[in-house]
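Colleague: Coordinates only, no sequence provided:
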Ligand SMILES: Cc1ncc(COP(=O)(O)O)c(C=O)c1O
């Protein structure tokens, strides 16, 4: 900052205080603010763009201008009435810890550069393993999101199944390597295919297994697929279909895969959190028998973006796939955790701090309560909407996802459903998106935010029915 030396502290303090005021003002305004944005891309470009500044601007002015100009393009995702995609809010302690993370500006790749970040990740790893009921010895990494958690886990899987076939993929690559069979459910998330592409597999030769009406991989069909041939095999299962919330039959999948010597990866971006609730745990039964797991903290744990979580039952494979060394780095020689051994980043944000704050502020019972509450709100949505004539709920609401279809007297149900979604978005009371499920257009409601109340649900149901009528 450009002020004299003795004024620097005051100026920095006033900048941060002022920024806190903007942030708190935004959050305080969420209950009454339109959830949708109010500016077009062109309007935002006009306000935020222009030529590269020739010289410096005062930081307080930069932040004030940014807060003003970006505001109409800021989606109300932390609102209790945001039900789009699968987007969690930010718990107060996690948000505050995220601010500290930026102030501390640690490079959390090596213990030597950021000891507290390393120890905090270690603590989070142990707490999360316990919460999910995974085997104690599993390794873990905090990555940017479930996309990279899937990538990291599948890199470990690739290493392990090829090592068992006598091939060192890190040294020799994939050219000439034994063929790996990859078997996955037809309703998997697209990030699985993308992770496989990144890992050099290509997606033309994947063996897809049919799913049932809720999107769950059929275990009997998996068993058939496993008998078709042998050799290195990876099975990708899912906990939480992005549309229906349905969870694959994990116990049966793990048993069949184990019998065939295959690696089982579970993509549980949000569905894995069912394991933290005694009432919902039946959904993820058997999950602990898999070889790797991917999930998100920025979804159902409600930490600010970004944070995904990867776990691996074979730490040596995990580390072999991710670890790296260089002469100028200071690697831990004893037990301390160098995070770059467990995730694909090198330099990285210390994203363990907000995860730690979220877990400490909620405790075990708070996590369970958050998950149970969101699911109860999803059921409240489904019950209220299903009783209206001409409204259909398409899925079994087992978790936090609801799919709704609006029937058109003229028969064009897809067009009517899309029109209702658009009208709800424009109304701004709440925000949700559309999807296609089994060839039918649907409204997609995902309840993933700690701050959603029953009143938010009722206000949103009323807004949806207004839009539909
Ligand atoms: C099942 C599933 N897997 C993976 C992802 C990708 O997660 P992320 O956006 O955190 O990378 C999602 C996102 O919704 C998901 O639902």
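Modeller: The structure has been received and is ready for your questions. For clarity, every value in this text was computed on a predicted model and none was experimentally measured.

Colleague: which residue ranges form the strands in the stretch 51-200 of the chain?
Modeller: Under the criterion DSSP state E, counting those that start in this stretch, strands of the stretch 51-200 of the chain are mapped to 139-143, 181-185.

Colleague: The last one packs against which elements?
Modeller: Judged by 3 or more Cβ pairs under 8 Å, 6 or more residues apart in numbering; DSSP states H and E, the packing partners of strand 181-185 are strand 207-209, helix 219-227, strand 233-238. To be clear about C-beta, it is placed using only N, CA and C from the backbone, and glycine gets the same treatment.

Colleague: Quick check: which of the strands of the stretch 51-200 of the chain is nearest to the ligand?
Modeller: The minimum distance between the ligand and the strands of the stretch 51-200 of the chain falls on strand 139-143, with 8.8 Å, by Cβ to the nearest ligand atom.

Colleague: Measure how far the closest one is from the centre of its chain, please.
Modeller: Its chain's average C-alpha position is 14 Å from that of strand 139-143, according to Cα atoms, centre = their mean, to the nearest Å.

Colleague: repeat for stretch 227-242
Modeller: Computed by Cα atoms, centre = their mean, the chain-centroid distance of stretch 227-242 equals 21 Å.

Colleague: CSV for the strands of the stretch 51-200 of the chain, including mean neighbour count and distance to the ligand?
Modeller: Formatted as CSV, the strands of the stretch 51-200 of the chain follow (neighbours: other Cβ atoms under 10 Å; distance: least, Cβ to the nearest ligand atom, whole Å):
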stretch, mean neighbour count, distance to the ligand
strand 139-143, 26, 9
strand 181-185, 25, 11
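
Colleague: want to try TSV for those, with distance to residue 163 and mean pLDDT as columns?
Modeller: Output for the strands of the stretch 51-200 of the chain, formatted as TSV (distance: least, Cβ to Cβ, whole Å; pLDDT from 0 to 100):
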stretch	distance to residue 163	mean pLDDT
strand 139-143	16	98
strand 181-185	16	98
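
Colleague: could you dump the ones you listed to TSV with distance to residue 192?
Modeller: Below are the strands of the stretch 51-200 of the chain laid out as TSV (distance: least, Cβ to Cβ, whole Å):
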stretch	distance to residue 192
strand 139-143	15
strand 181-185	6
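
Colleague: Spell out whether the longest helix seen in the chain and the ligand are in contact.
Modeller: Identified as the longest helix of the chain according to DSSP state H is helix 352-386. No. Interface with the ligand: helix 352-386 contributes nothing (Cβ under 6 Å from any ligand atom), its closest point being 13.8 Å away.

Colleague: Could you tell me how far that helix lies from the centre of the chain?
Modeller: 14 Å.

Colleague: what's the burial count for the residue nearest to residue 109 when sequence neighbours are not counted?
Modeller: With Cβ to Cβ, 6 or more residues apart in numbering as the criterion, residue 109 has its nearest non-adjacent residue at 4.3 Å, and that residue is residue 340. Residues lying near residue 340 (other Cβ atoms under 10 Å) number 23.

Colleague: do the same with residue 403
Modeller: Residue 403 has 26 nearby residues by other Cβ under 10 Å.

Colleague: Quickly note the distance from it to residue 246.
Modeller: To residue 246, residue 403 is 11 Å away according to Cβ to Cβ, to the nearest Å.

Colleague: Identify the contacts common to these two.
Modeller: Jointly contacting residue 403 and residue 246 under the rule Cβ atoms under 8 Å, 6 or more residues apart in numbering are residue 395.

Colleague: Contact partners for residue 221?
Modeller: Shown in contact with residue 221 (Cβ under 8 Å, 6+ apart): 209-210.

Colleague: In the stretch 251-400 of the chain, what residue comes closest to the ligand?
Modeller: For the stretch 251-400 of the chain, Cβ to the nearest ligand atom, closest residue to the ligand: residue 269, 3.3 Å.

Colleague: Tabulate the helices and strands packed on strand 181-185 in JSON lines, adding columns for mean pLDDT and distance to the ligand.
Modeller: Shown next, in JSON lines, are the helices and strands packed on strand 181-185 (pLDDT from 0 to 100; distance: least, Cβ to the nearest ligand atom, whole Å):
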{"stretch": "strand 207-209", "mean pLDDT": "98", "distance to the ligand": "16"}
{"stretch": "helix 219-227", "mean pLDDT": "98", "distance to the ligand": "18"}
{"stretch": "strand 233-238", "mean pLDDT": "98", "distance to the ligand": "6"}
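
Colleague: deepest of the ones you listed, which one?
Modeller: Mean neighbour count, computed with mean count of other Cβ atoms under 10 Å, is highest for strand 233-238 among the helices and strands packed on strand 181-185, reaching a mean of 28.

Colleague: Can you read off the pLDDT for residue 137?
Modeller: The model reports residue 137 with a pLDDT of 97.

Colleague: how about it, what does it touch?
Modeller: 313, 315.

Colleague: So it versus the ligand, what's the distance?
Modeller: Going from residue 137 to the ligand by Cβ to the nearest ligand atom, to the nearest Å gives 25 Å.

Colleague: Would you list the phi and psi of that residue?
Modeller: Backbone torsions for residue 137, taken as degrees, to the nearest 10, come to phi -80, psi 0.

Colleague: now it: how far from residue 308?
Modeller: According to Cβ to Cβ, residue 137 stands 21 Å off from residue 308.

Colleague: Could you do residue 98 as well?
Modeller: Going from residue 98 to residue 308 by Cβ to Cβ gives 15 Å.

Colleague: Of those two, give the one with the bigger neighbour count.
Modeller: A count of neighbours by other Cβ under 10 Å puts residue 308 above the other of residue 98 and residue 308, at 26 against 23.

Colleague: who does the more buried one bridge with?
Modeller: residue 143, residue 296 (DSSP bridges).

Colleague: per-residue confidence at it?
Modeller: Value listed for residue 308 in the pLDDT field: 98.

Colleague: same deal with residue 5?
Modeller: pLDDT recorded at residue 5 is 49.

Colleague: Could you do the one 3 residues further on as well?
Modeller: Reported pLDDT at residue 8 in the predicted model: 49.

Colleague: can you offset everything so residue one is 35?
Modeller: That works, and once the first residue is 35, the last one we named lands at residue 42.

Colleague: Contacts (any at all) between the ligand and stretch 336-352?
Modeller: Yes. Using Cβ under 6 Å from any ligand atom, stretch 336-352 reaches the ligand at residue 342.

Colleague: Would you mind measuring the gap between the ends of that stretch?
Modeller: Counting by Cα to Cα, to the nearest Å, you get 26 Å between the two ends of stretch 336-352.

Colleague: ditto for stretch 318-333
Modeller: End-to-end distance (Cα to Cα), stretch 318-333: 17 Å.
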